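A.B. asks: sequence and predicted structure, then a few things I'm wondering about:
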Amino acid sequence: MSHTTKILAVDDEPVFRFLLERQLREIGYDVVSAVDGLQALEILERQAVDLVLSDLVMPRMDGLQLIGSVQKLYPATPIIVITAHGSVESAVEAMRRGAYDYLEKPYDPEDLRITIQRALDYQRVVQENEQIKGLLTERYTFQSVVTVNPAMKQVLELASRVAAARQTTVAIYGESGSGKEVLARAIHFAGKGLPAEFVAVNCAAIPEHLMESELFGHVRGAFTGADRDREGKFSLARKGTILLDEIGDMPLSLQAKLLRVLQERVFEKIGSNTPIPVACRVIVATNRSLADLVAAGRFREDLYHRVNVFPLTIPPLWQRKDDIPILCGHILEQLRQHLGKPLPGISPQAMELMLEYRWPGNVRELRNCLERAAILTDNELIRPAHLGLAGAAPDSGEGADEGTRSTADPSRVSYHLSLPVEELSLDALSDQILGITLERCGGNKSKASQLLKVNRKAFYRT
């Protein structure tokens, strides 16, 4: 408890007001007092207090009227009411109007201390949560997703439209590290009136025998080891958002139960028959094709149609390389604050290498790469050797002109090829080689065909 904590005590009975002031000062609080609600408001206009402790029955303005005024004018100030014995109904009405708690006369001084401390602790948590919510809302917005790529801009436009439709299930597709959770959070925080509850569940990281309890919770005695009730993720999400990440890895046995939840918007805890309404928004995400999983018999077709109501596909970084320079600038600005280093920028050779690199880990890999490079540099431009990417030639950085230094052997051509295992094939690798070569030749198919010694027609399928 801070010695600067100030409490406003409001009571029209002089003897009780004197007793209350003495008890509060003995606990260690600063105290200011008022004889009724009107005087209390006059005091609040002149000085800030941390808590109001008020009687209910007073002349001119009673406790209930005071609660209404304080809630309107000073909503961050908690209120505890003191009521006569047998007037619990009035105390309940006071709490309904916004009071934190109540005490019955006569009360134990220890109860007074504990109740005040709880109210102050609660208010501190509320204020901290509001600050966190503000920071998250600022961080996870559509405006915070930096892009100049037309395809990515279209994804953000679609996402902003579905943000207001809280009952619509959204499916986000994208490679690992492409920013699926970032987009899900942006949808969540863009929704009107959404509280701060955003619950992410990685379906690939939870053992099958624990997943149902993890999602829906259980009651005590539901199974061996269930020694207490437990809330599931759907309950914790409340009226917020639940993200089912890597939903393609969800066991078939649980897919049927999830389908019912999405269809009927209710669920039951394990061991209970009491239906609980689903009030949260549901977003699913995956780095795999759910349609292919359906064809392979590993994902229910009816669930696929239920979750695929509003699909959004984030293009991989190698398909939006025009975003790499602006992403680098954004990430470096964050690293300057995080590391406390000037970080002048990126050399042309390093940027060229990043534009040529395939980025199998997408934006997450780009961020990790730049963080590593930022740690290695010391008030200098980031060079290819700092990046640690395939194809970067070591350079000393001493006595060389950044504008003319060669970062690779000009007599050799380096390719970085990367494909998911399920997409690996000779044709796919050939397409990558054709695409990279064509890009390096500035789109000149004749030049690219000469470099690879293939027929020019081969580039019409890339």
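C.D. replies: Happy to help now that I have it. Numbers count the residues shown, from 1 in each chain.
A.B. asks: and what about Ala200, helix, strand or coil?
C.D. replies: Here Ala200 is recorded as strand under DSSP: H, G, I helix; E, B strand; the rest coil.
A.B. asks: quick one: contacts for it?
C.D. replies: Glu181, Ala184, Ile242, Leu243, Asp245 (Cβ atoms under 8 Å, 6 or more residues apart in numbering). Where you see a C-beta, it was placed from the backbone N, CA and C, and this is true even at glycine.
A.B. asks: switch to 10 Å and redo it
C.D. replies: By Cβ atoms under 10 Å, 6 or more residues apart in numbering, the residues touching Ala200 are Glu181, Ala184, Arg185, Lys233, Ala237, Thr241, Ile242, Leu243, Leu244, Asp245, Ile283, Ala285.
A.B. asks: rounded mean pLDDT for stretch 145-160, please.
C.D. replies: Here stretch 145-160 scores 92 as its mean pLDDT.
A.B. asks: list the contacts of Ile247.
C.D. replies: Going by Cβ under 10 Å, 6+ apart, the list of residues near Ile247 reads 171-172, 201-204, 255, 258, 283-286, 288, 290, 293, 299, 303-304, 307.
A.B. asks: any of those residues buried? List them.
C.D. replies: Among those, the ones that count as buried by 16 or more other Cβ atoms under 10 Å are 171-172, 201, 203, 255, 258, 283-286, 288, 290, 293, 299, 303-304, 307.
A.B. asks: tell me the secondary structure of the most centrally placed residue in the chain, please.
C.D. replies: Nearest residue to the geometric centre of the chain (Cα atoms, centre = their mean): Arg185, 4.8 Å. Put simply, Arg185 is helix when judged by three-state DSSP.
A.B. asks: closest to Arg383 out of the contacts of Ala200?
C.D. replies: Arg383 lies nearest to Glu181 out of the contacts of Ala200, by Cβ to Cβ, at 31.8 Å.
A.B. asks: what's the following helix or strand after the worst-scoring helix or strand of the chain on mean pLDDT?
C.D. replies: Least confident helix or strand, the chain: helix 109-139 with a mean of 73, by mean pLDDT, DSSP states H and E. Heading C-terminal from helix 109-139, the first helix or strand you meet, by DSSP states H and E, is helix 150-162.
A.B. asks: by contact count, what packs against the following helix or strand past that next one?
C.D. replies: Following helix 150-162 in sequence order, the next helix or strand is strand 170-173 (DSSP H and E). Applying 3 or more Cβ pairs under 10 Å, 6 or more residues apart in numbering; DSSP states H and E, we find strand 170-173 packed against helix 150-162, helix 180-190, strand 241-245, strand 281-286, helix 301-307, strand 310-313.
A.B. asks: any weak-confidence spans in the stretch 301-450 of the chain?
C.D. replies: 390-424, 439, 442-443 (pLDDT under 70).
A.B. asks: one more pass at 50, please.
C.D. replies: Low-confidence segments of the stretch 301-450 of the chain (pLDDT under 50): 391-411.
A.B. asks: endpoints of stretch 162-174, how far apart?
C.D. replies: 18 Å (Cα to Cα, to the nearest Å).
A.B. asks: in that stretch, what counts as buried?
C.D. replies: Neighbour counts over stretch 162-174 (16+ other Cβ under 10 Å) mark Val162, Ala163, Arg166, Thr169, Val170, Ala171, Ile172, Tyr173, Gly174 as buried.
A.B. asks: which one in those residues is the model shakiest on?
C.D. replies: Arg166 (87).
A.B. asks: correct me, but it touches Cys280?
C.D. replies: Yes. Counting by Cβ atoms under 10 Å, Cys280 is a contact partner of Arg166 at 8.4 Å.
A.B. asks: between those two, what contacts are shared?
C.D. replies: His188, Leu194, Lys239, Gly240, Thr241.
A.B. asks: farthest-apart pair in these, please.
C.D. replies: His188 and Lys239 (11.1 Å).
A.B. asks: which one of the two has more residues nearby?
C.D. replies: His188 (27 against 13; other Cβ atoms under 10 Å).
A.B. asks: now do the same contact list for the residue lying closest to that one once chain neighbours are set aside.
C.D. replies: Nearest-residue entry for His188: Thr241, 4.0 Å, with adjacent residues in sequence omitted and distances by Cβ to Cβ, 6 or more residues apart in numbering. Thr241 is in contact with 166, 170, 184-185, 187-189, 191, 194-195, 197-200, 280-283, counting by Cβ under 10 Å, 6+ apart.
A.B. asks: switch to 8 Å and redo it
C.D. replies: Applying Cβ under 8 Å, 6+ apart, the residues near Thr241 are Ala184, Ile187, His188, Gly191, Leu194, Glu197, Phe198, Val199, Cys280, Arg281, Val282, Ile283.
A.B. asks: how much space between it and Asp30?
C.D. replies: Separation of Thr241 from Asp30 (Cβ to Cβ, to the nearest Å) stands at 42 Å.
A.B. asks: so Leu215 sits in a helix?
C.D. replies: Yes. Assigned with three-state DSSP, Leu215 falls within a helix.
A.B. asks: that one: neighbour count?
C.D. replies: 24.
A.B. asks: then Leu426?
C.D. replies: 7.
A.B. asks: can you map out the strands along this structure?
C.D. replies: For the chain, the strands defined by DSSP state E occupy 6-10, 30-34, 51-55, 79-83, 101-104, 170-173, 198-202, 217-218, 230-231, 241-245, 266-267, 276-277, 281-286, 310-313.
A.B. asks: out of the ones you listed, deepest packed?
C.D. replies: strand 281-286 (a mean of 26; mean count of other Cβ atoms under 10 Å).
A.B. asks: who does that one pair up with?
C.D. replies: Strand 281-286 has the following strand partners under DSSP bridges: strand 170-173 (parallel), strand 241-245 (parallel).
A.B. asks: now do the same for the longest one: mean pLDDT, whole number.
C.D. replies: The predicted model assigns strand 241-245 a mean pLDDT of 95.
A.B. asks: quick one: it to strand 198-202, angle?
C.D. replies: With axes from the mean of the first three to the mean of the last three Cα atoms, to 10 degrees defining the directions, strand 241-245 sits at 20 degrees from strand 198-202.
A.B. asks: how about Ala163: what's its closest non-neighbour residue?
C.D. replies: Nearest to Ala163 is Ala190, by Cβ to Cβ, 6+ apart, at 3.8 Å.
A.B. asks: tell me the contacts of the one you found?
C.D. replies: Contacts of Ala190 by Cβ under 8 Å, 6+ apart are Thr141, Phe142, Ala159, Ser160, Ala163, Ala164.
A.B. asks: make CSV out of those residues and add distance to Arg320.
C.D. replies: Shown next, in CSV, are the contacts of Ala190 (distance: Cβ to Cβ, whole Å):
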residue, distance to Arg320
Thr141, 20
Phe142, 16
Ala159, 16
Ser160, 18
Ala163, 22
Ala164, 26
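A.B. asks: just the closest of these to Leu20, please.
C.D. replies: So of the contacts of Ala190, ranked by how close each gets to Leu20 (Cβ to Cβ), first place is Thr141, at 47.1 Å.
A.B. asks: per-residue pLDDT, the closest one?
C.D. replies: 69.
A.B. asks: on that earlier part again, tell me which of the helices and strands packed on strand 170-173 sits nearest to Tyr357.
C.D. replies: helix 150-162 (18.4 Å).
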